[in-house]
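[1] The following comprises the amino acid sequence and a computationally predicted model.
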Amino acid sequence: MNKWPLWEVFIRSKSGLEHRHVGSLHAADATMAMENARDVYTRRQEGVSIWVVPSKAITASNPEHSGELFEPAQDKAYRHPTFYDLPNELKHI
Amino acid sequence: MKESLYQYLLLLGDNAMILGHRLSELCGHGPSLETDIALTNISLDLFGQVRNYFQYAAEVKDDQEKTTEDKIAFLRYPHEYRNVLLVEQPNKDFAFVIARQFFFDAYHLLLLKELCKSKDEQINAIANKSIKEVKYHLRFSSEWLKRLGDGTAESHDKMQAAVNYLYPYVGELPSESPIEKEMKEAGIGPDLGVLRTAYFAQIKSTLAEATLETPQFFGFHSGGKKGVHSEHHGFILSNLQYMQRTYPEMEW
C-alpha cells in the first residue's frame, strides 16, 4: 500500500462555493481515492462535493523562481482596484 | 408481546454492537491510514445504530430496575446476547475483515430496506436513518472484495480463503428464529424466507464479479440468535464489559 500513488483532495463545503484543497491521500485508483477522501476528509460534515486529482497531474511553480514570478507584482499597487470612490448604495464589494 | 419486541431489539442491536466492537479493535491498526479511518467510521456508524435500538429497548422493557441503554449493552451475560456467530469472528487479516463485512452488509441492507416498512414506528425511523450509512458500508466492503478478489494471485488466494472460512456462518443471518417469526406476523419484521433468496443471490453475483468461488456448503453454523456463542464471544465481552464490571454504574 506504500506504492499507491498520491492524490490531492478538493472539497466544496457548500453549494455555490468553490472547491478548496484540503489535503492529500494514497489510493490505487480514482474510485478508491474518492472513497478514501470521503472517509478521511468529510467525517465532520465538511463538504457536499469532492474532487480527487492525481498529484502527478499538478504542475507546481518552482520556489526558486519566486523572484521573477511574484516579486514584480509587489510595487504595482495601481493594479488593485482601490482608487475608485464607490457610491454608498453599493454593498458587498 | 413487549418481551418479544425487547428481544427483537436485542437481536437487531447486538449484531451491530459486536461487529462495531470487532472493527473498533482495528482502530490504529488498519492496513493504511485511509482504510483505518474507513473501518473506524463504519464502527462508529454501527455504535450509533446500537444506541438507537437499545434506547428504545430500555423504553420497551419498562421494569422495576430502570433498565438503561448502558445496562443493556454492558451488563448482560453471554447467553443473553443475540448476535449471530459471523460478527464474532476475529480480525485474522484484512481479507477476513472485508469478507465478514461484506457478508454482514449485504444482509444488513436487505434487512433495513424491509424494516423501513415496519409497522413499529421507532424501528421504522431507526431503519430509515441507518440505511444511508449501511449503503455506504456495502459499497466499501464490496468494492474491496472485488479489488482483492480480482487483484493479484496472492490477494485472490487470501480473499478466497477468507470467504471459504466465513461462508459457513452466513446462513444464520436469514434463518428465522421464533422471535423473528412473531415479529413477521405482527408486521414489525420482514419475511426472512424471501430475504434469504435475495441474500444468497447477491452473495453469488458479487463473489462472481470478484472472480471468487461461492463455496458449496449446506450445513450452516448457528446458535447466536439463541445465545449459544462461539469461543470468541467471551473474550469480546470481557473487553467490552471491563469498565462497567470494574467500576459499576460509572459514567463518562
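    Yep, that arrived.
[2] Chain B against chain A: which residues are in contact?
    B:31-35, B:37-38, B:41, B:136, B:139-140, B:143, B:147 (C-beta under 8 Å from any C-beta of the partner chain). Heads up, the C-betas are built off the backbone N, CA and C, glycines and all.
[3] Dump those to a markdown table, plus secondary structure, pLDDT and neighbour count.
    Putting the residues of chain B next to chain A into a markdown table (DSSP: H, G, I helix; E, B strand; the rest coil; pLDDT from 0 to 100; neighbours: other C-beta atoms under 10 Å in any protein chain shown) gives the following:
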| residue | secondary structure | pLDDT | neighbour count |
| --- | --- | --- | --- |
| B:31 | coil | 89 | 13 |
| B:32 | coil | 90 | 16 |
| B:33 | helix | 91 | 14 |
| B:34 | helix | 92 | 21 |
| B:35 | helix | 93 | 21 |
| B:37 | helix | 94 | 18 |
| B:38 | helix | 95 | 24 |
| B:41 | helix | 95 | 20 |
| B:136 | helix | 96 | 17 |
| B:139 | helix | 96 | 15 |
| B:140 | helix | 96 | 22 |
| B:143 | helix | 96 | 16 |
| B:147 | helix | 96 | 17 |
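[4] between these, which is nearest residue A:67?
    residue B:33 (37.0 Å; C-beta to C-beta).
[5] wait, what's in contact with that closest one?
    Going by C-beta atoms under 8 Å, 6 or more residues apart in numbering or on different chains, residue B:33 touches A:25, A:26, A:40.
[6] try it again with 6 Å
    With contact set as C-beta atoms under 6 Å, 6 or more residues apart in numbering or on different chains, residue B:33 has no partners.
[7] Same question for residue B:8.
    Neighbouring residues of residue B:8 by C-beta under 6 Å, 6+ apart: B:179, B:183.
[8] What does the pLDDT read for it?
    Residue B:8 is assigned a predicted lDDT (pLDDT) of 97.
[9] Can you tell me the element it falls in?
    Secondary structure from DSSP states H and E places residue B:8 in helix B:2-24.
[10] Which positions in that helix come out as buried?
    For helix B:2-24, the neighbour count (16 or more other C-beta atoms under 10 Å in any protein chain shown) marks B:4-24 as buried.
[11] residues in chain A within reach of chain B, list them.
    With C-beta under 6 Å from any C-beta of the partner chain as the criterion, chain A meets chain B at residues A:1, A:25, A:36, A:39, A:40.
[12] Kindly reformat the residues you listed as TSV and extend each row with distance to residue B:103 and pLDDT.
    Output for those, formatted as TSV (distance: C-beta to C-beta, whole Å; pLDDT from 0 to 100):
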residue	distance to residue B:103	pLDDT
A:1	24	59
A:25	28	95
A:36	23	94
A:39	21	93
A:40	26	93
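[13] So in chain A, which helix runs the longest?
    Determined from DSSP state H, the single longest helix within chain A is helix A:30-41.
[14] Leaving aside the residues adjacent along the chain, what's closest to the residue of the stretch 151-252 of chain B found nearest chain A?
    Going by C-beta to the nearest C-beta, chain A is nearest to residue B:151 of the stretch 151-252 of chain B, at 9.1 Å. Once flanking residues are discounted, residue B:151 sits nearest to residue B:159: 7.9 Å by C-beta to C-beta, 6 or more residues apart in numbering or on different chains.
[15] Settle this for me: the one you found is touching residue B:97, isn't it.
    No. Counting by C-beta atoms under 6 Å, residue B:159 does not reach residue B:97; the two are 11.1 Å apart.
[16] Show me the common contact partners of these two, please.
    Residues touching both residue B:159 and residue B:97 (C-beta under 6 Å, 6+ apart): none.
[17] what about those two, which has more around it?
    residue B:159 (28 against 24; other C-beta atoms under 10 Å in any protein chain shown).
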